[in-house]
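Colleague: below are the sequence and a predicted model; questions follow.
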Amino acid sequence: MFKTISMIGLGYIGLPTATLFASRKIKVIGVDVSEHAVNTINQGKIHIVEPELDMLVHAAVVEGYLRATTTPEPAEAFLIAVPTPFKGDHEPDLSNIEAAARAIAPVLQKGNLVILESTSPVGTTEKLAAWLAEARPDLTFPQQVQESADIQIAYCPERVLPGRVVHELVANDRVLGGMTRTATFMAATLYKTFVQGELVGTNARTAEMCKLTENSFRDVNIAFANELSMICDKLDINVWELIKLANHHPRVNILQPGCGVGGHCIAVDPWFIVDTTPDEARIIHMAREVNDHKPEWVLDKVKASIADTLAKKPGCTMSDIKVACLGLAFKPDIDDLRESPALEITQQITKLGCQILTVEPNIETLPQKLNQPNLSLATLEDALATADVVCVLVKHRPFIEAVEGIRRHALAIDAVGLLA
Ligand code: SAJ
């Protein structure tokens, strides 16, 4: 049984996971490079938005089971949940994992378990083991002595959906990939404290690939839907009806087209496979390209509608045109604008020189990068009342509720099937 563990990285995954361990009365030392995050957590508050999390963190801190710091301390297990973005031409950037390894190495003790949770290219856990071994030649590691290693290492990815993190961390099945069977067993003992889903054991490389496969599968399916939407547009077929009909087949399940694929997972993780095996990963690569192209396609539709409006209104110039953009977030009913195709499209429309009324019910102020004189945050009513062109970019609930008003608008571009 583990009594004290440490979570390295207190973000969208690390903090909820640390808190769930703490809620089961395991002492958790949370470590983060951000002093702001550390101070906020130590006050029993949270620096991210996630339902239910604030109450859990508050209780864990007040009861003394969760404490945050910027410097690692000795513990029985170390879990690493730091970001793995890409750099340059979609090459994985493992510098945060390497920094975490170098930070925990000095406090490692014989008998410790180290778990990597961050989404990573295949082979990263082995790299982590090598970094740790290099920093601690006095200890043995699984790549040297396998089962009898002083430090056991495993890769255990999460698969939770933002907005449902607390529930899914507990309920979802979890893949545990030990570098040795001992590591898999130790990881299972640890996660059993709060996971109610099945814990499925494998090796580290398969677990790494499993995480990437799940998100790539979804990306390819969405790319198929996006490609269909462009084909159907040419053939004058309603793609939303088409997909609904095709999905009546018992073995067909096509996802929904949209204005592009955003967020920090589905639009990133498939590149980790492409980077490792570029010659083989042809469908995965092409799906990324199809999905990344979709915002441009939507933008072309907006440009065409603006041209129509200008043609119908003699004397009217670009700066007189008002475009309403409905939705900025990367998916419905969240406030997260990072890596959002809707935001990218809105920014591009701004460059055309027309006036933009952006409607995002989940935020109160516009992000700095949208600070443009020709762009303002508007209510849905105002936007619909004055816009020449309406562009639906995200299927937020308030837009579904106001669908009839949006439908009445003559020039509505519907990227998400709201009006279908
Ligand atoms: N999207 C579509 N059409 C769809 C579904 C989604 O265009 O039919 C778009 C969304 O609008 C969004 C993007 O895809 O822009 C990604 O959204 P998402 O809801 O598919 O996924 P994420 O990024 O929020 O979370 C995913 C999940 N992975 C899978 O469902 C396989 C989640 O379980 C993972 O834990 C998460 O990635 C992660 O952290 O890897």
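Modeller: That came in fine, so what should we check first?
Colleague: could you list the residues of the stretch 201-350 of the chain in contact with the ligand?
Modeller: Taking CB under 6 Å from any ligand atom as the contact definition, the stretch 201-350 of the chain meets the ligand at 214-215, 218, 222, 255-256, 258, 261-263, 265-266, 330-331. Every residue, glycine included, has its C-beta placed from N, CA and C.
Colleague: go again using 8 Å as the cut-off
Modeller: Proximity of the stretch 201-350 of the chain to the ligand (CB under 8 Å from any ligand atom) is limited to residues 211, 214-215, 217-219, 221-222, 225-226, 255-267, 269, 291, 330-332, 340-341.
Colleague: from those residues, keep the buried residues only.
Modeller: Listed as buried from these are 211, 214-215, 218-219, 222, 225-226, 255-267, 269, 291, 330-332, 340-341; burial here means 16 or more other CB atoms under 10 Å.
Colleague: I figured M7 hits V82, correct?
Modeller: No: look at M7 against V82 with CB atoms under 8 Å: they stay out of range, at 10.2 Å.
Colleague: between those two, which is the more surrounded one?
Modeller: M7 (29 against 23; other CB atoms under 10 Å).
Colleague: list the contacts of that one.
Modeller: By CB atoms under 8 Å, 6 or more residues apart in numbering, M7 lies in contact with G14, L15, T17, A18, F21, V28, I29, G30, V31, L79, A81.
Colleague: against A204, how distant is the first one?
Modeller: Read that as G14. According to CB to CB, to the nearest Å, G14 and A204 sit 19 Å apart.
Colleague: list of residues touching stretch 94-106?
Modeller: Taking CB under 8 Å, 6+ apart as the rule, stretch 94-106 contacts 6, 8-9, 31, 33, 71-72, 78, 80, 82-84, 114, 116, 118, 120-121, 124, 127-128, 131-132, 135-136.
Colleague: got a quick ChimeraX command for the buried subset of those residues?
Modeller: A single ChimeraX command suffices to select whichever of the contacts of stretch 94-106 are buried according to 16+ other CB under 10 Å:
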select :6,8,9,31,72,78,80,82,83,84,114,116,118,120,121,124,127,128,131,132,135,136
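Colleague: keep only those of the contacts of stretch 94-106 that are in helices.
Modeller: Using DSSP state H to define helices, the subset of the contacts of stretch 94-106 located there is T124, K127, L128, W131, L132, A135.
Colleague: shared neighbours, M7 and V82?
Modeller: G14.
Colleague: where does the stretch 251-400 of the chain dip in pLDDT?
Modeller: Counting by pLDDT under 70, the stretch 251-400 of the chain contains no low-confidence range.
Colleague: helices along that one, start to end?
Modeller: Using DSSP state H, counting those that start in this stretch, the helices of the stretch 251-400 of the chain run over residues 269-276, 282-312, 341-350, 380-386, 397-401.
Colleague: need the winner for burial among the ones you listed.
Modeller: Most buried of the helices of the stretch 251-400 of the chain by mean neighbour count (mean count of other CB atoms under 10 Å) is helix 341-350; its value is a mean of 23.
Colleague: check which helices and strands that helix is in contact with.
Modeller: helix 282-312, strand 322-326, strand 355-359 (3 or more CB pairs under 8 Å, 6 or more residues apart in numbering; DSSP states H and E).
Colleague: please name every helix or strand in contact with the first one.
Modeller: Secondary structure elements in contact with helix 282-312, counted by 3+ CB pairs under 8 Å, 6+ apart, are helix 204-235, helix 269-276, helix 341-350, strand 389-392, strand 412-414.
Colleague: tabulate those (TSV), appending distance to N39.
Modeller: Formatted as TSV, the helices and strands packed on helix 282-312 follow (distance: least, CB to CB, whole Å):
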stretch	distance to N39
helix 204-235	31
helix 269-276	31
helix 341-350	29
strand 389-392	40
strand 412-414	44
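Colleague: so which of the ones you listed comes closest to T40?
Modeller: Among the helices and strands packed on helix 282-312, the nearest to T40 by CB to CB is helix 341-350 (25.5 Å).
Colleague: list the buried residues in stretch 26-45.
Modeller: I26, K27, V28, I29, G30, V31, D32, A37, V38, T40, I41, G44.
Colleague: how about the CA coordinates for it, as PDB?
Modeller: The C-alpha trace of stretch 26-45 is given here as PDB (Å, rounded to 0.1, in the frame of the first residue of the first chain):
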ATOM      1  CA  ILE A  26      -3.100   8.900   0.500                       C
ATOM      2  CA  LYS A  27      -0.800  11.800   1.200                       C
ATOM      3  CA  VAL A  28      -0.100  13.600  -2.000                       C
ATOM      4  CA  ILE A  29       2.800  16.000  -2.600                       C
ATOM      5  CA  GLY A  30       1.900  18.000  -5.700                       C
ATOM      6  CA  VAL A  31       4.700  19.500  -7.700                       C
ATOM      7  CA  ASP A  32       4.500  22.200 -10.300                       C
ATOM      8  CA  VAL A  33       6.800  24.800 -11.900                       C
ATOM      9  CA  SER A  34       4.100  27.400 -11.600                       C
ATOM     10  CA  GLU A  35       4.200  29.300  -8.300                       C
ATOM     11  CA  HIS A  36       0.700  30.600  -9.100                       C
ATOM     12  CA  ALA A  37      -0.600  27.100  -9.400                       C
ATOM     13  CA  VAL A  38       1.100  26.000  -6.200                       C
ATOM     14  CA  ASN A  39      -0.100  29.000  -4.200                       C
ATOM     15  CA  THR A  40      -3.600  28.700  -5.400                       C
ATOM     16  CA  ILE A  41      -3.800  24.900  -4.600                       C
ATOM     17  CA  ASN A  42      -2.300  25.500  -1.100                       C
ATOM     18  CA  GLN A  43      -5.200  27.900  -0.500                       C
ATOM     19  CA  GLY A  44      -7.600  25.100  -1.300                       C
ATOM     20  CA  LYS A  45      -8.500  26.700  -4.600                       C
END
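Colleague: show me what contacts V175?
Modeller: C156, P157, V200, T202, A207, C210, K211.
Colleague: pretty sure F86 is touching D93, no?
Modeller: Yes: using CB under 8 Å, F86 is in contact with D93, at 5.8 Å.
Colleague: sorry, back to before: pick out whichever of G14 and A204 has more residues nearby.
Modeller: A204 (28 against 24).
Colleague: residue contacts, the more buried one?
Modeller: T125, E126, I153, A154, Y155, G177, G178, M179.
Colleague: and with 6 Å instead?
Modeller: T125, Y155, G177, M179 (CB atoms under 6 Å, 6 or more residues apart in numbering).
Colleague: most surrounded residue in these?
Modeller: Within the contacts of A204, Y155 tops the neighbour count with 33 neighbours, counted by other CB under 10 Å.
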